[in-house]
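Novice: Below is the sequence, then the predicted model.
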Amino acid sequence: MRLAQRSQPLWLAHVLHRLSGLGLALFLPLHFYVLGMAMSQPERLDGFLHWSEAPMVKLAEFGLVFLLAVHLFGGLRLLVLEFLPWPAPHKTLAAGAVAGAALVSGLFLLNAV
Amino acid sequence: MQLDRHDTDILILGSGGAGLFAALHALQSAPQGTKVTLAVKGLIGKCGCTRMVQGGYNVSLGPGDSVERHFMDTIHGGKWLPDQDMAWKLCQLAPERVRELENEIGCFFDRNPDGTLHHKAFAGQTADRTVHKGDLTGIEIINRLMEQVLRRPVERMQEHRAVGLIPTRDGAALAGVLMIDMRTGGFRFVRAKAVIMCTGGGPTMYKYHTPSGDKTMDGLAMALRAGLPLRDMEMVQFHPTGLLAGAHTRMTGTVLEEGLRGAGGQLLNHAGQRFMFDYDAKGERATRDVVSRGIYAEMRKANDPEQEGVFISMAHLGPENVAQKFKGMVKRCADCGFDLAGGKVEVVPTAHYFMGGVVVDPDTRTAMEGLYVAGEDAGGAHGSNRLGGNGVANSTVFGGVAGDTVGAEIGKLSLRDPDDAILQAELARACHPFGQTPGHVQTLRNHLQEAMWDHVGVMRTQTGLTRGVAQVADLKAELMHCGVEDGSRAFNLTWHDWLNMASLCEVSDVIARAALARENSRGAHYREDFPDPGSLDSSFFTVARKDGDTVNVTHEAVRFTIVSPGETVLPEGEPETLVG
Amino acid sequence: MPASGPTLSVAVHRGTSDGSTLRVDHFTVPAHDSQTVLDVVTWIQQNADATLTYRFACRVGMCGSCAMTVNGVARWTCRTHVSKVIRDGRLEIGPLRNLPVIKDLAVDMDPFFDKWAAAGGSHAPTATRYDPVVDIDPQAPERVAANAGIECINCSVCYASCDTVAGNPAYLGPAALNRAWTLVNDLKHADTKGVLDVVSGSGGCHNCHSIGSCTALCPNELDPLSSIAGLKRATTRRAFRGR
Amino acid sequence: MLTLRLYLAQRISAMLMVPFVIVHLIAMIYAIQGGLSAAEILGRTQGSAFWFAFYGLFVVAAAVHGAIGLRVIAAEWLRLARGLDLLMWAAGALFLGLGARAVLAVTL
Ligand SMILES: Cc1cc2nc3c(=O)[nH]c(=O)nc-3n(C[C@H](O)[C@H](O)[C@H](O)COP(=O)(O)OP(=O)(O)OC[C@H]3O[C@@H](n4cnc5c(N)ncnc54)[C@H](O)[C@@H]3O)c2cc1C
Ligand code: HEM
Ligand code: SF4
Ligand code: F3S
Ligand code: FES
């Protein structure tokens, strides 16, 4: 049976947060690895950064900032929920977090293009 | 046939207020190492009626109230028929039990703004003495009790249905209980040094009824077959306002709370007119039995198949106000499609509580060694009528008493061997439907419920009751030819429907016969052909016993051991009532 | 039984947890105005398939024994009007998730109650039946917090709806933790420390990801999500106070 | 499988990262204007004690936070029971090792 309870906003917020966290955790080693090149082979780092002009890489980069923004606001939402004894309107909080994340990544996208 | 055998020291049947308190008190008062087993037809704490208690618990802890006052109200409410020693014990121990619930079990009873216990008013009482947790008091009491039991070393037999009390060969004592493990469909015979029966009666043989679906008079049917005397069996309490939503829904019959009438709710007949003032000066605020009879009379007058019941209307009190004050009720009605706050809801009297039961002494002992009975299964404490709030007091007080009594006596009791012939007969009885061609059990149940409602219900006559007895006998015979498919017996609800129906038929017969035997009108029992209450001084109660294949009903005089009609135990100068 | 008049098309999940006999049966059930999902199931057992197993007791939303999965959502079936959940004339009814199935629509609720007990879920007395009932200010913040969560009917709807329970069998789950929170706020409770200890353990409140299906679906409108957040705060505060 | 201690570590590291991430995001939005180059990055960060401390702490927090996060996901989505600790420590070590190298590379 399809689990229809999963269409409630807080469930979506949770999954979004988890996927963004997972994405970040997988990307992070790669990011570090690339930056680490600055020490041993700066020219390869530059080479890499040149690619970043390519649309594909731009998209990926945008994706990462998006993930970070989504995860940041989702995380802030959770921290507020857990540590400030606010009453029930959690859904508003979730919506706010999504809006914030959209704003930041939108800004980034505008800047990037 | 496969029969699993099992031994224990103390076996408790049922997990309502009586069963759970029996378990806790047995553990407290029996010697270390005594094995306590709790067997129940449903899940522990999740079945039975104690959980459904809404109004609350009567206890004389309020300002100015006293055990004496609570006792006198109970005697007056029961129209001088209660066993006075039991009624006294009920009122006397209720304060201790409420303190135990609050202090040891952890209940959250509602408080006044100054922090003291809140006592609300309940009909027919001369003091505000009903403690409660909102209007879901039963959930609070049973959840807290259940938690205490779950964390203690109690052997659990959930979804185990007791089907027969099996005596020893000489018949003097109880050897054990035959049960069906409902989940596997297998039989299990449990020997015990002592059995505390708390299966909670339950008048669900009426077309409209309030109790939990698992309650079908199994305990009283078993006691009857075991030859035990049953008293006050004609006394069925009807609640005036049960929801009427059609025969196809289990919602039908469920209670719309008393407080609706208390707050000013109006009852309207088929013509849309108020009628209760034709029957009583207090109108809708009259006592349960009076209002039930008023509604029943109006229904009979109209005799309208399109609209069986009458309407309760609250809208004149302001829908928002009603929705706020009776939040739970309004939501419950809304869930099944009715607008209680703004519209009208069809209601009908509904069988609510069974005053009759096994004859016990005030310490819950029965005529059979090793068998103790407490709660709604036991007769005597309420006489002909139960005060609202005395039901849960009765089950918790006497459940605890049973646990204490058994705990103290268990050392002198031992395991006994059953009469194998009776054991085999009970096994055969339970398996009977598998030998017949499958039929439709529910149709028979519907017919039984119609017959009891029409002939052995709110208002009774000799002709009607006689017809009732005959119809019940016919249905019993039909049931014996109505089979159940013998596929898998594991969790086979239809088999249990059949067994439920068998218990209900047996007890329905006794109710009708006891009602025939009482040729006057007291409390819940109303005879149109004998509307007079009879002389109070020569009050009697009925005692029914199985004798071969029939049931004999005799009269026994009420013993006024504490107070006689016309007297009171209230100290001189005490006002008649504390409520204004 | 042939049905005249409007009907519902009902799919019912059958079988036991061991999976050997899992199947879905289809029934056509007469539709009525006031009809709950429990009534639909009852009709099937009484008129179409006498072997169908389900559980109920009170039939008015007080005992919490009738919960099932209805069109993908866990619900108390005795208080769920068909019109509220029906989709295109169809109902799909299965047992609750996250609990072993005994047969058809009846699940084994023992794991749920074992966790209730494991979360410290019972009162530890500070007084006896021979002491007076203590005064408690109904407006005291603790009492208000406890009252908000106390009226749980242990129906398991929240437990069945929680994805954390599904993924993490050791997790105590929303109902047990909600009860623990009421105990932390129970001014008469003797063992607050014990409760905070067990909810800090490996199956404890810190596993909750605030998914909130519990609060969204509790038929009694309780808010386990917030209760659990309360436990998280209380345990965190205690950790920093170094006790 | 989160106990109080893991939970606290994850939440504290998360709180710590909030300012880091915000500053980092602003810096990135600013930095990508006109394209990125190794020199540009290094010119901003190399030899700066501030950026060393900033990214150093960021990496430590991210390592702790990410490792615990992966542990939770592995437990719930992959139903791993044993090996959770190993996975967590390994992930943490990887984050920390690569991260330290990166921080050193851009700030030394
Ligand atoms: C809707 C409603 C509202 C009520 N409101 C109030 C109120 O406000 N105040 C008040 O004082 N009283 C009230 N009552 C009455 C009160 O609930 C009962 O008087 C009391 O709870 C009975 O307790 P008990 O323990 O005897 O039985 P129950 O609580 O009914 O328990 C009976 C137990 O026995 C089990 N059982 C039954 N048959 C078998 C079998 N064959 N084998 C094994 N186990 C079996 C059942 O499953 C159940 O666990 C109300 C009743 C109803 C129905
Ligand atoms: C602004 C910074 C961050 C904040 C406020 C933050 C906040 C949080 C919070 C509160 C959680 C717990 C979620 C839950 O229990 O459901 C979490 C989980 C997680 N975080 Fe972060 N985080 C941040 C940065 C990061 C980074 C940089 C990574 C990458 C390594 C990351 C990876 C994860 C992972 C993998 C999880 C587990 C997801 C889950 O349990 O559903 N986070 N984060
Ligand atoms: S919290 Fe709500 S959903 Fe969960 S068991 Fe209690 S009543 Fe049911
Ligand atoms: S659905 Fe589960 S994850 Fe937490 S908020 Fe409720 S318990
Ligand atoms: S049957 Fe009791 S809650 Fe539904």
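Specialist: Arrived safely. Ligands and ions are numbered 1, 2, ... in the order given.

Novice: From here on, just use CA atoms for contacts and neighbour counts.
Specialist: Noted.

Novice: what residues are up against residue 64?
Specialist: This is for chain A. Residues in contact with residue A:64 (C-alpha atoms under 8 Å, 6 or more residues apart in numbering or on different chains) are residue A:24.

Novice: you looked at the wrong chain, it should be chain D
Specialist: Contacts of residue D:64 by C-alpha under 8 Å, 6+ apart are D:9-10, D:13, D:92.

Novice: Also residue B:386?
Specialist: Residue B:386 neighbours (C-alpha under 8 Å, 6+ apart): B:74, B:77-78, B:237, B:355.

Novice: Near ligand 3, which residues of chain C are found?
Specialist: Where chain C comes near ligand 3, counting by C-alpha under 6 Å from any ligand atom, the residues are C:152-158, C:175, C:218-220, C:222, C:224.

Novice: Export those as a markdown table, with columns for distance to ligand 1.
Specialist: As requested, these are exported to a markdown table (distance: C-alpha to the nearest ligand atom, whole Å):
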| residue | distance to ligand 1 |
| --- | --- |
| C:152 | 18 |
| C:153 | 15 |
| C:154 | 16 |
| C:155 | 16 |
| C:156 | 19 |
| C:157 | 22 |
| C:158 | 24 |
| C:175 | 22 |
| C:218 | 22 |
| C:219 | 19 |
| C:220 | 18 |
| C:222 | 22 |
| C:224 | 27 |
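
Novice: nearest to chain B, of those?
Specialist: Compare each of those with chain B using C-alpha to the nearest C-alpha and the shortest gap goes to residue C:153, at 6.9 Å.

Novice: excluding its backbone neighbours, what's nearest residue C:22?
Specialist: residue C:15 (4.5 Å; C-alpha to C-alpha, 6 or more residues apart in numbering or on different chains).

Novice: Please report phi then psi for that neighbour.
Specialist: phi 110, psi -170 (degrees, to the nearest 10).

Novice: quick one: it and residue C:23 touch, right?
Specialist: Yes: under the criterion of C-alpha atoms under 8 Å, residue C:15 makes contact with residue C:23 at 6.5 Å.

Novice: Nearest to chain C: which residue in chain D?
Specialist: For chain D, C-alpha to the nearest C-alpha, closest residue to chain C: residue D:76, 4.1 Å.

Novice: and that residue, that one's in a strand?
Specialist: No: with DSSP: H, G, I helix; E, B strand; the rest coil as the criterion, residue D:76 is located in helix rather than a strand.

Novice: Isn't it up against residue C:171?
Specialist: No: look at residue D:76 against residue C:171 with C-alpha under 8 Å: they stay out of range, at 10.5 Å.

Novice: quick one: common contacting residues for these two?
Specialist: Here residue D:76 and residue C:171 have residue C:164 as joint contacts, going by C-alpha under 8 Å, 6+ apart.

Novice: pLDDT below threshold where in the chain?
Specialist: You didn't say which chain, so I picked chain A. Residues of chain A that meet the criterion pLDDT under 70 lie in A:1-2, A:5, A:7, A:38-40, A:42, A:44-60, A:86-102, A:104-113.

Novice: Oops, wrong one, chain D.
Specialist: Applying pLDDT under 70 to chain D picks out residues D:1, D:32-40.

Novice: what are the ranges of the strands in the stretch 1-150 of chain B?
Specialist: For the stretch 1-150 of chain B, applying DSSP state E, counting those that start in this stretch gives strands covering B:3-13, B:36-39, B:57-58, B:130-131.

Novice: so what secondary structure elements neighbour the first one?
Specialist: It refers to strand B:3-13. Where contact means 3 or more C-alpha pairs under 8 Å, 6 or more residues apart in numbering or on different chains; DSSP states H and E, strand B:3-13 is packed against helix B:17-29, strand B:36-39, strand B:186-197.
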